[in-house]
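In: Fold the following for me, if possible:
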Amino acid sequence: MSISREKAWKLLNEYVDSKSLQKHSLAVEVVMLAYARKYGEDEEKWGICGLLHDFDFEKFPDKHPN
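Out: Next up is the predicted model:
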């Protein structure tokens, strides 16, 4: 299953209320895009992974490492 960047952005906004966490997720997306380029990987897939890596943090903070 794949997810579009647009759908990923909608999910992030649905689950994440914190503007700072949204900005963090966008920053991680940018870094993941750069790494995907560097290593010849799928930029869209890596970017979406970066964008969504913390999307459940506010709902399940106990499940994330400190």
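In: Any figure for the gap between D54 and R37?
Out: 22 Å (CB to CB, to the nearest Å). Using the backbone N, CA and C atoms, a C-beta is placed for each residue, glycine as well.
In: neighbour-wise, which of the two wins?
Out: Taking neighbours as other CB atoms under 10 Å, D54 and R37 compare with D54 leading, 19 against 11.
In: give the contact list for that one.
Out: D54 makes contacts with 16, 21, 24-25, 28, 64, as judged by CB atoms under 8 Å, 6 or more residues apart in numbering.
In: So what touches stretch 10-21?
Out: 3, 22, 25, 51-52, 54-59.
In: Mark which of these are buried, thanks.
Out: Those of the contacts of stretch 10-21 that meet the buried threshold are 22, 25, 51-52, 54-55, 57, by 16 or more other CB atoms under 10 Å.
In: before we move on, the earlier item: quick check: of the contacts of D54, which lies closest to D42?
Out: For the contacts of D54, the residue nearest D42 by CB to CB is V28; the value is 16.3 Å.
In: mind checking the backbone torsions on the most far-flung residue of the chain relative to its centre?
Out: Computed with CA atoms, centre = their mean, the maximum C-alpha offset from the centroid of the chain is found at G40, amounting to 19.3 Å. Per-residue torsions, G40: phi 70, psi 30 (degrees, to the nearest 10).
In: same deal with the one 3 residues further on?
Out: Listed backbone geometry of E43 is phi -60, psi -40, with angles given as degrees, to the nearest 10.
In: okay, now it: neighbour count?
Out: 14.
In: Report the separation between the residue nearest to it when sequence neighbours are not counted and L52.
Out: The spatial neighbour of E43 that comes closest, neighbours along the chain excluded (CB to CB, 6 or more residues apart in numbering), is A36 at 4.3 Å. According to CB to CB, A36 stands 15 Å off from L52.
In: Max pairwise distance over the contacts of stretch 10-21: which two?
Out: Most distant of the contacts of stretch 10-21, by CB to CB, are I3 and E58, 19.6 Å apart.
In: Look up which helix or strand the spatially most central residue of the chain falls in, please.
Out: In the chain, the centroid-proximal residue (CA atoms, centre = their mean) is L51; its distance is 1.5 Å. Element membership of L51, judged by DSSP states H and E, is helix 43-52.
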